[in-house]
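Engineer: kindly return the folded structure for what I paste below:
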Amino acid sequence: MGASRTKAGKKPEVGERPAPQEVEGRVMALDLPPSPDLSPEMQAYFDKCREKIGFVPNVLLAYAHDSAKLEAFAALYNDLMLAPSGLSKLEREMIAVAVSGVNRCYYCLTAHGAAVRSLSGDPVLGEMMAMNYRAADLSPRHRAMLDFAVALTEAPWTIEEEDREALRDAGFSERDLWDISAVASFFNMSNRMASAVDMRPNRSYHGEARGLPDPQEA
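Structural biologist: Numbering: from 1, shown residues only. Coordinates of the predicted model:
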């Protein structure tokens with residue numbers, strides 16, 4: 001066996017292998033310890049997260065340095081993303097990912113990309129939402145919804161009645177227009193906070209809902 005080969009008979013690697021990523025459990029770049037005065041409601045919320053998904057999302061841990069800010073963030077998030085709406089949970093997650101793609105928010109693309117994969121059962125759709133929603137085969141409803149959310153993200157001052165009318169033409173109600181706008185606006189704020197403090201997604205998100213569905217069951 002030549003000296004250029006390893007004991008397993010393979011050629012030695014060239015170049016440098018990157019270190020494993022996101023293995024330290026870091027939440028964000030700021031050294032802000034959790035508040036010792038979290039309310040019983042927030043403690044129960046954390047317990048529910050552990051029971052339901054197996055961990056507390058790092059965005060909540062980041063806000064946990066201030067109980068009032070955590071409660072305000074969680075209340076607004078849960079109202080926008082989980083409360084009754086003319087938009088499905090998946091549609092709201094699609095907006096979150098399309099907006100986060102424009103803003104290149106690592107945390108939200110990872111966390112909410114996982115949600116799109118899970119809710120849709122289609123990891124390909126999740127990748128398309130994160131990278132370029134225009135590459136997806138979308139219905140007129142979803143294309144109009146995401147076009148509006150992205151326009152609101154990229155150039156909010158250009159939004160006018162023509163843009164709202166495009167949503168109405170796609171079948172959205174006046175309340176739906178509000179909800180699309182509110183979800184897009186929330187994630188623009190959340191993206192900026194996550195980037196400002198270098199918020200890191202939980203490692204579990206990276207592996208969620210990656211399996212392709214069986215074509216015979218589709």
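Engineer: which SSE is the residue nearest to the spatial centre of the chain in?
Structural biologist: Nearest residue to the geometric centre of the chain (Cα atoms, centre = their mean): residue 112, 2.2 Å. Residue 112 belongs to helix 106-120 when assigned by DSSP states H and E.
Engineer: in CSV, list the C-alpha atoms belonging to that helix.
Structural biologist: In CSV, the C-alpha atoms belonging to helix 106-120 read as follows (Å, rounded to 0.1, in the frame of the first residue of the first chain):
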residue,chain,number,x,y,z
TYR,A,106,-30.5,32.8,10.3
TYR,A,107,-32.6,32.1,13.4
CYS,A,108,-36.0,32.6,11.8
LEU,A,109,-35.1,30.8,8.5
THR,A,110,-34.0,27.8,10.5
ALA,A,111,-36.8,27.7,13.1
HIS,A,112,-39.7,28.6,10.8
GLY,A,113,-38.3,26.7,7.8
ALA,A,114,-38.6,23.7,10.1
ALA,A,115,-42.2,24.7,10.8
VAL,A,116,-43.1,24.9,7.1
ARG,A,117,-41.5,21.5,6.4
SER,A,118,-43.5,20.0,9.3
LEU,A,119,-46.9,21.6,8.6
SER,A,120,-46.7,21.0,4.9
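Engineer: name the next helix or strand downstream of it, please.
Structural biologist: Assignment by DSSP H and E places the next element after helix 106-120 at helix 123-131.
Engineer: now the lengthiest helix in the chain, how far from the chain's geometric center?
Structural biologist: Counting residues, the longest helix found in the chain (DSSP state H) is helix 174-196. Centroid separation for helix 174-196 versus its chain: 12 Å, with Cα atoms, centre = their mean, to the nearest Å.
Engineer: got the domain ranges for the chain?
Structural biologist: The chain breaks down into these domains under automatic domain parsing: 37-83, 87-207.
Engineer: nearest to residue 20, of those?
Structural biologist: Evaluated with Cβ to Cβ, those place domain 87-207 nearest to residue 20, the distance being 9.8 Å. Placement of C-beta: from N, CA and C, glycine included.
Engineer: and the helix holding residue 112, what does it pack onto?
Structural biologist: Packing partners of helix 106-120 (3 or more Cβ pairs under 8 Å, 6 or more residues apart in numbering; DSSP states H and E): helix 58-63, helix 89-103, helix 123-131, helix 174-196, helix 204-207.
Engineer: switch those helices over to TSV; also include mean neighbour count.
Structural biologist: Below are the helices and strands packed on helix 106-120 laid out as TSV (neighbours: other Cβ atoms under 10 Å):
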stretch	mean neighbour count
helix 58-63	22
helix 89-103	24
helix 123-131	20
helix 174-196	18
helix 204-207	14
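Engineer: ok, how many other residues are close to the nearest residue to residue 190 once chain neighbours are set aside?
Structural biologist: In space, and not counting its chain neighbours, residue 190 is closest to residue 108: 6.3 Å by Cβ to Cβ, 6 or more residues apart in numbering. Residues near residue 108, counting by other Cβ atoms under 10 Å, number 26.
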